[in-house]
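>>> Structure, please.
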Amino acid sequence: MDIDAAELQKLHPYLQQPICADARTFLQELLRQKNSIRLKSHSAWDARCADWKTRYPVVTDEHRKPEGRVSVFNLAELIGTEVKPEDKLVVGNSGSAIEIFLLACPTLHSQRLYHTAGLGAMGYAIPMAIAVSIANPGREVIAIDGDGGFMFNIQELETIRRLQLPIKFFVLNNDGYSSIRASQRAYFGEATIGADRNSGLTIPDLAKVGTAFGLGTAVIKDQSNLRADLRRVLQMTGPVVCDVNVLPDEVRAPRLQSYQKPDGSFVSKPLEDLFPFLPREEFLANMIVKPLPE
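As a prediction, this is how the structure comes out:
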């Protein structure tokens, strides 16, 4: 529905029912006829989606293993189950903070989650957390950020201290720019530059940074007692910076992945065919429409 017929024409022949009308007129007529609307049953589709969620879970037992550095999948799942329904969540930057966290965090219907997935802008989490906190006085703000992006606006920790905003930062410490590191390795082998301490980028001790700004601090070194560690941080009063030692190069899955053809060119798989790739028989059995040519 659009007031401009030319805009509707741009989408021809893909619109099933174009309607040229003013939004107010359209909504008034829709409300007038609302009692005659009969919704179709989606039970079969709901059952199919439930089956997929069971067969292809985002968070697996491998992610929940207690030993070693923290899996972002496990962290996201536990934060989603430990925060209060009225808490506000801010997920910043690109990389693990959105590529993994948004997939694995089970948000509640009553919660609001703010993110920049469409832009992947580094430096997003701190200013957005400030805005969300000021707009929701008395509410806790839980902010998840990557260590690289956290450094972009670190001066605003002083604003948070001065205003005593109740923001809990869980900073994913994976030794710099893990997303950039992953892209460099995927396309150029082991060669990396400006991505971590071995290639010219260093991140300071984030707990010491938080202390220097007068904020509460915590460090989570592994996931041997992750739920209890999260509860301890969430129960702290005032603003907090929590340095979470996560797996430095955790596999992001499911994800869109390109592959290289014999002529050296790269081709991306379609969105319905994500990595890790299913056996072709299983993939075809899951498809509802005809797949695109390989």
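>>> Surely Asp145 forms part of a helix?
No: judged by DSSP: H, G, I helix; E, B strand; the rest coil, Asp145 forms no part of a helix; its state is strand.
>>> show me the contacts for the closest residue to it other than its chain neighbours.
Once flanking residues are discounted, Asp145 sits nearest to Ala125: 3.9 Å by CB to CB, 6 or more residues apart in numbering. C-beta: built from backbone N, CA, C; applies to glycine. Residues counted as contacts of Ala125 (CB atoms under 8 Å, 6 or more residues apart in numbering) are 90-93, 97, 143-145, 149-150, 169.
>>> And Ala125, how far from Gly92?
The gap separating Ala125 from Gly92 is 3 Å, by CB to CB, to the nearest Å.
>>> Distance check, Glu158 against Phe170.
To Phe170, Glu158 is 20 Å away according to CB to CB.
>>> And Gly176, by the same measure?
For Gly176 relative to Phe170 (CB to CB), the value is 17 Å.
>>> re earlier: what touches both of Ala125 and Gly92?
When CB under 8 Å, 6+ apart defines a contact, the residues bordering Ala125 and Gly92 alike are 143-145, 149-150.
>>> helices or strands up against the helix or strand bottoming out on mean pLDDT in the chain?
Every helix and strand in the chain was compared by mean pLDDT, DSSP states H and E; the lowest is strand 258-260, with a mean of 76. Where contact means 3 or more CB pairs under 8 Å, 6 or more residues apart in numbering; DSSP states H and E, strand 258-260 is packed against strand 266-268.
>>> Which neighbours in the sheet does the strand it packs on have, and how are they oriented?
The sheet places strand 266-268 alongside strand 258-260 (antiparallel), with pairing taken from DSSP bridges.
>>> Residues touching the strand it pairs with, excluding its own?
Residues outside strand 258-260 that contact it (CB under 8 Å, 6+ apart) are 266-269.
>>> now do stretch 189-207
So stretch 189-207 is contacted by 147-148, 150-151, 171, 173, 175-178, 180-181, 184-185, 217-219, 241, 243, 248 (CB under 8 Å, 6+ apart).
>>> Could you tell me which of these count as buried?
Neighbour-count burial (16 or more other CB atoms under 10 Å) applied to the contacts of stretch 189-207 gives 147-148, 150-151, 171, 173, 175-178, 180-181, 184, 217-219, 241, 243.
>>> What is the distance between stretch 38-52 and the centre of its chain?
The chain centre lies 26 Å from the centre of stretch 38-52; the measure is CA atoms, centre = their mean, to the nearest Å.
>>> Was I right to think Ala21 contacts Ala5?
No: using CB atoms under 8 Å, Ala21 makes no contact with Ala5, being 10.1 Å away.
>>> Next, show the common contact partners of the two.
Counting by CB under 8 Å, 6+ apart, Ala21 and Ala5 have no shared contacts at all.
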